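> Could you look at this predicted model? Sequence included:
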Amino acid sequence: MTQESIALHLSALADEGYTVIRAGIAPGEIDAIVSRMRQIHAARKPADDTEQPFLNRGHDTLYNLQREDLSFIRAFTGNEQVMAVVRSLLNDAWYKQIASERPNFILRALAGRSSGERAMPLHIDSFVPSSGTLCIACQVALVLEDQTPQRGCTIVVPRSHLSDRYADQSAMAQAVPIETRAGDIVIWDSRLWHGALGNTTGASRWSLIATFVRWWIKQNFDITGTLPESIYRQLTDDEKAVLGYCSLPPRDEHERTDMKTGHGQLKPTVAAYRR
Ligand SMILES: O=C(O)CCC(=O)C(=O)O
């Protein structure tokens, strides 16, 4: 992807709150990811719907996929287009321990999602609205199966990320469906009012969704503490930073007084962070 097309995606994100990278995933990779997700879906006990977050009830959701397979992480970190866009959106320019052209943003959540029959209400995922020019969180959805309105595609209310308001269901009339093909990548600012239509086809509609946030935001799960050592061993320093290992809070002032660290302070194993 050229600098020019990255600039176009960034400008769409700034103005409309979302962008679509068409055919951003290699066909072989799509099949590998979706079949691994189907395997995990078949093996996991179905979640008790009442214990799921409200928005996910009635939908197939595979939580915490970074623990299952390196390929789920690398589908994002190995995609230069995605990394370039997300770095521009979320890197902290004052994070001096990591070179500015490397990521200092982190992964908040990595989940698989397929739409159920019920629509997913409009919502934001930044937890707080704002109308500022700086983004604090974004979602990157790797589309693994074609998405149409009948198959429960993502919907967004363009420009709502600048509204400084929580999502209002009466804005459904302004929501636009994002029709995509397997292999497309949709990126939206997490302040954008978005949701998904109900899937009336009976077919699955898997996408792999990463929520990336600025380094100081809390992660959905204990991503750093529960990563299998076998996956940690294979990560690059950039990937360790993205999973949060460079911005773990120190235990106390004797361990460290800076909230941010660089690659030089990364530890050899997951267990070593707990000592
Ligand atoms: O899967 C979708 O289309 C929307 C997902 C979504 O709204 C979310 O993950 O917050």
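Thanks, I have it. Numbers count the residues shown, from 1 in each chain.

> what does the stretch 1-150 of the chain have sitting close to the ligand?
Contact residues, the stretch 1-150 of the chain versus the ligand (CB under 6 Å from any ligand atom): 113, 120, 125, 139. Every residue, glycine included, has its C-beta placed from N, CA and C.

> Helices along the stretch 51-200 of the chain, start to end?
70-77, 80-90 (DSSP state H, counting those that start in this stretch).

> Quick one: closest of the ones you listed to residue 24.
helix 80-90 (5.8 Å; CB to CB).

> and the direction of that closest one versus that of helix 70-77, what angle?
70 degrees (axes from the mean of the first three to the mean of the last three CA atoms, to 10 degrees).

> Just the closest residue of the stretch 151-275 of the chain to the ligand, please.
residue 154 (3.3 Å; CB to the nearest ligand atom).

> Quick check: chain neighbours aside, which residue is closest to that residue?
residue 178 (4.7 Å; CB to CB, 6 or more residues apart in numbering).

> per-residue confidence for the most centrally placed residue in the chain?
In the chain, the residue lying closest to the centroid (CA atoms, centre = their mean) is residue 210, at 1.8 Å. What the model reports as pLDDT for residue 210 is 98.

> can I assume it sits in a helix?
No: secondary structure of residue 210 (DSSP: H, G, I helix; E, B strand; the rest coil): strand, not part of a helix.

> what's the spacing between the residue nearest to residue 152 when sequence neighbours are not counted and residue 198?
In space, and not counting its chain neighbours, residue 152 is closest to residue 115: 2.6 Å by CB to CB, 6+ apart. The gap separating residue 115 from residue 198 is 7 Å, by CB to CB, to the nearest Å.

> These two - which one has more neighbours?
Each of residue 115 and residue 198 has its neighbours counted (other CB atoms under 10 Å); residue 115 has more, 26 against 17.

> So residue 122 is in contact with residue 169, correct?
Yes: in this structure, residue 122 is within contact of residue 169 by CB atoms under 8 Å, at 5.8 Å.

> any residues in contact with both of the two?
By CB atoms under 8 Å, 6 or more residues apart in numbering, residue 122 and residue 169 have no common neighbours.

> who has more neighbours, those two?
Taking neighbours as other CB under 10 Å, residue 122 and residue 169 compare with residue 122 leading, 24 against 12.

> Could you report the pLDDT at that one?
pLDDT at residue 122 comes out at 97.

> tell me the angle of the longest helix anywhere in the chain relative to helix 70-77?
Longest helix in the chain by number of residues (criterion: DSSP state H): helix 27-43. Relative orientation of helix 27-43 versus helix 70-77 (the same axes, to 10 degrees): 130 degrees.

> Mind giving me the packing neighbours of helix 27-43?
Contact partners of helix 27-43 among helices and strands, from 3 or more CB pairs under 8 Å, 6 or more residues apart in numbering; DSSP states H and E: strand 60-62, helix 70-77, strand 106-114.

> picking that back up, can you pull the contacts of the residue nearest to residue 154?
So residue 178 contacts 18, 20, 147, 153-156, 186 (CB under 8 Å, 6+ apart).

> Kindly report the same for residue 114.
So residue 114 contacts 59-60, 152, 199, 204-207 (CB under 8 Å, 6+ apart).

> how about a cut-off of 7 Å?
59-60, 204-206 (CB atoms under 7 Å, 6 or more residues apart in numbering).

> Likewise for residue 175?
122, 155-157.

> Next: residue 221.
Contacts of residue 221 (CB under 7 Å, 6+ apart): residue 64.

> ok, back up a step: turn the helices and strands packed on helix 27-43 into a markdown table, including mean pLDDT and distance to residue 270.
Formatted as a markdown table, these follow (pLDDT from 0 to 100; distance: least, CB to CB, whole Å):
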| stretch | mean pLDDT | distance to residue 270 |
| --- | --- | --- |
| strand 60-62 | 93 | 22 |
| helix 70-77 | 98 | 14 |
| strand 106-114 | 97 | 15 |
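
> Name the stretch among the ones you listed that sits most buried.
strand 106-114 (a mean of 22; mean count of other CB atoms under 10 Å).

> That strand versus helix 80-90: what angle between them?
120 degrees.

> What strands line up against strand 106-114, and which way round?
Strand pairing for strand 106-114, determined by DSSP bridges: strand 60-62 (antiparallel), strand 207-213 (antiparallel).
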